[in-house]
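*Asks:* A predicted structure for the sequence below; I have some questions about it.
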Amino acid sequence: MITVVGTGTGAYGTRLPADAGLVVGARRHLDAVRLPEGAERVVLGPLAPALDTIGEYVGKERPVLVLASGDPGFFGIVRALAERFGPELLDVRPGVSSVAAAFARIGLPWDDAVVVSAHGRDLRTAVNVCRARPKAAVLTGPGAGPAELGAALAGTCGERVLVVASALGDPAGERVERLTPAEAAARDWGTAVNVVLCLDGAHAPGPPRTVAGPPAGPSRWALEESEFAHRDSMITKFEVRALALARLGPRLGDLVWDVGAGSGSVAVECARLGAAVTAVERTADGVERIRANAAAHAVDVSVVHGTAPEALASLADPDAVFVGGGGLALPAVVTACALRARRTVVVAVAALDRVPAVREALTAAGLVCDGVLLQSSRLAPLPGDVTRLAATNPVFLLWGTRPPVRQEGVAE
């Protein structure tokens, strides 16, 4: 039997099994408790060797004790143990998770929070979640702590506050501090940080929830043009937007660029579907229109006032990009986007003459290109209670998708 005991953030109120022949845990956990007499100690570093040692004891039917932080079933070692040895061999005794403890310290519920781990993972997903959601908890790790998170968030989202919780459960060392992202970026945080909460400026508890975690996605998308402020019908029509969204695939944890954003209708829709979004717009009135549309739909969209492709240089690499508008610079804009997009680039083109150059820009950047000509006719009323079909302007929608990386020796 493998007994897994969560410690650290709450009261250490469970008795340790006295017959364990092997005790595994981080050094701070091993030093904090009285270990069974004669037990072998394994200080956790790389996980694989520790699992091998546990396997030797399990094979001899000797009891093992694993010490972990908080709730070891929540982004913890229980997953690896269950996959290796099977859940029927585990006796899990959870403590209070660092996320629950951190929210408790500041008096907020967390059933509506998004929890994301940056421990041993790419920080960009956590950054994008923090940009897109008003209440997030980030489990940190080396190279992905409050300083790195703050540096990535500074200037990219609305009024965000970082709550850095360190040494939770330690009466002498526990600290819970509120800072701006820029303030967090300027600090050396050491190794005691448990979790970072990223909250919008309101700190509101939020309405009661039925389902925990991030809110459900919108019930509809490809919204009517009338649901956005726009200038002289200069807006991506909903038929085009519907297919563009399908090809962009915006989701929680993604970063999407909307380049030549105009009214920001695509940017807003991507944000409603959970992505972090940066809209790039060259006109001052367009910038204000995008901000107004984002506020009207209660989403966060970071707006950059500048001309592409130059304005793209300082932005974080996107997962997906939508390029609207045209002009002589369109091939250069598409090229700049295609070279940096991790997944896909979608381009809306009204002029037939622009299509070959856009296709060439996508394929030259290594993307697999496809596209359609969208022509639609909408129902329109006529006098006498009859209906006609009113044609909309045809639009070419082209998209380039980055092919998956093939791994040698792995069957497809």
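*Replies:* Yep, that arrived.

*Asks:* use CA for all of it now, contacts and neighbours both
*Replies:* Noted.

*Asks:* And the helix-or-strand element of the chain with minimal mean pLDDT, what's buried?
*Replies:* The helix or strand of the chain with the lowest confidence, counting by mean pLDDT, DSSP states H and E, is helix 27-32 at a mean of 81. By 16 or more other C-alpha atoms under 10 Å, the buried positions in helix 27-32 come out as 29-30.

*Asks:* Contacts for that helix, please.
*Replies:* Helix 27-32 has contacts (C-alpha atoms under 8 Å, 6 or more residues apart in numbering) with 7-8, 23-24, 43-44, 67-68.

*Asks:* I only care about these that end up buried; give me the ChimeraX line for that.
*Replies:* Restricted to buried positions by 16+ other C-alpha under 10 Å, the ChimeraX selection for the contacts of helix 27-32 reads:
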select :7,8,23,24,44,67,68
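
*Asks:* In helices, which of the contacts of helix 27-32 appear?
*Replies:* With helices taken from DSSP state H, there is no overlap with the contacts of helix 27-32.

*Asks:* Hmm, which of the contacts of helix 27-32 is lowest in pLDDT?
*Replies:* Lowest pLDDT of the contacts of helix 27-32: residue 8, 63.

*Asks:* so where do the helices sit in the stretch 151-300 of the chain?
*Replies:* Secondary structure of the stretch 151-300 of the chain, counting by DSSP state H, counting those that start in this stretch: helices at 181-185, 238-248, 265-272, 284-296.

*Asks:* What's the mean pLDDT across the first one?
*Replies:* For helix 181-185, mean pLDDT rounds to 94.

*Asks:* and what of the last one?
*Replies:* For helix 284-296, mean pLDDT is 95.

*Asks:* What's the local residue count around residue 343?
*Replies:* 18 (other C-alpha atoms under 10 Å).

*Asks:* pLDDT score for it?
*Replies:* Each residue has a pLDDT score; the one for residue 343 is 97.

*Asks:* Same question for residue 33.
*Replies:* 79.

*Asks:* Okay, it and residue 140: tell me how far apart.
*Replies:* 24 Å (C-alpha to C-alpha, to the nearest Å).

*Asks:* Those two - which one has more neighbours?
*Replies:* Between residue 33 and residue 140, counted using other C-alpha under 10 Å, residue 140 has the larger neighbour count: 24 against 12.

*Asks:* Contact partners for residue 134?
*Replies:* Contacts of residue 134 (C-alpha under 8 Å, 6+ apart): 198-200.

*Asks:* returning to what we had before: just the closest of the contacts of helix 27-32 to residue 84, please.
*Replies:* Closest to residue 84 out of the contacts of helix 27-32 is residue 24 (15.5 Å), distances taken as C-alpha to C-alpha.

*Asks:* Correct me if wrong: that closest one contacts residue 53.
*Replies:* No: using C-alpha atoms under 8 Å as the test, residue 24 is too far from residue 53 to be in contact (9.4 Å).

*Asks:* just to revisit the earlier point, from the contacts of helix 27-32, which land in strands?
*Replies:* Residues of the contacts of helix 27-32 located in strands (DSSP state E): 7, 23-24, 43, 67-68.

*Asks:* From those, pick the one nearest residue 365.
*Replies:* Taking C-alpha to C-alpha as the measure, residue 365 lies nearest residue 68 of the ones in strands among the contacts of helix 27-32, at 46.1 Å.

*Asks:* What residues does the closest one make contact with?
*Replies:* By C-alpha under 8 Å, 6+ apart, residue 68 lies in contact with 4-8, 25-26, 29, 76-77.

*Asks:* Mind picking the two most distant members of the ones in strands among the contacts of helix 27-32?
*Replies:* So, these by C-alpha to C-alpha: farthest apart are 7 and 43, at 15.5 Å.

*Asks:* State the pLDDT value of residue 139.
*Replies:* pLDDT, read off for residue 139, is 94.

*Asks:* Can you get me a residue count around the residue lying closest to residue 215 once chain neighbours are set aside?
*Replies:* Excluding the flanking residues, the one nearest residue 215 by C-alpha to C-alpha, 6 or more residues apart in numbering is residue 112, at 7.3 Å. Look at residue 112: counted by other C-alpha under 10 Å, it has 21 neighbours.

*Asks:* go on, residue 205?
*Replies:* Neighbours of residue 205 (other C-alpha under 10 Å): 13.

*Asks:* ok, the spatially most central residue of the chain - contacts?
*Replies:* Centroid check for the chain by C-alpha atoms, centre = their mean gives residue 253 as the closest residue, at 2.1 Å. By C-alpha under 8 Å, 6+ apart, the residues touching residue 253 are 124-129, 274-276.

*Asks:* Try it again at 10 Å.
*Replies:* Residue 253 makes contact with 116, 124-133, 274-276, 319, according to C-alpha atoms under 10 Å, 6 or more residues apart in numbering.

*Asks:* Same check on residue 302?
*Replies:* So residue 302 contacts 131-132, 155-158, 257, 267, 276-280, 290-291, 294 (C-alpha under 10 Å, 6+ apart).

*Asks:* and it, what are its phi and psi?
*Replies:* Per-residue torsions, residue 302: phi -80, psi 130 (degrees, to the nearest 10).

*Asks:* Could you verify my assumption that residue 306 touches residue 282?
*Replies:* Yes: Residue 306 lies in contact with residue 282 (C-alpha atoms under 10 Å); the separation is 4.6 Å.

*Asks:* and for the two, which residues touch both?
*Replies:* Common neighbours of residue 306 and residue 282 (C-alpha under 10 Å, 6+ apart) are 259-260.

*Asks:* residue boundaries of the strands in the stretch 101-250 of the chain?
*Replies:* Assigned by DSSP state E, counting those that start in this stretch, the strands in the stretch 101-250 of the chain fall at 114-117, 135-139, 160-166, 175-179, 193-200.

*Asks:* tell me the most buried of those?
*Replies:* Counting by mean count of other C-alpha atoms under 10 Å, strand 135-139 has the highest mean neighbour count of the strands of the stretch 101-250 of the chain, with a mean of 26.

*Asks:* tilt between that strand and strand 193-200?
*Replies:* 160 degrees (axes from the mean of the first three to the mean of the last three C-alpha atoms, to 10 degrees).

*Asks:* let's have the chain start at 453 instead
*Replies:* Happy to do that; since the first residue is 453 now, the last one works out to strand 587-591.
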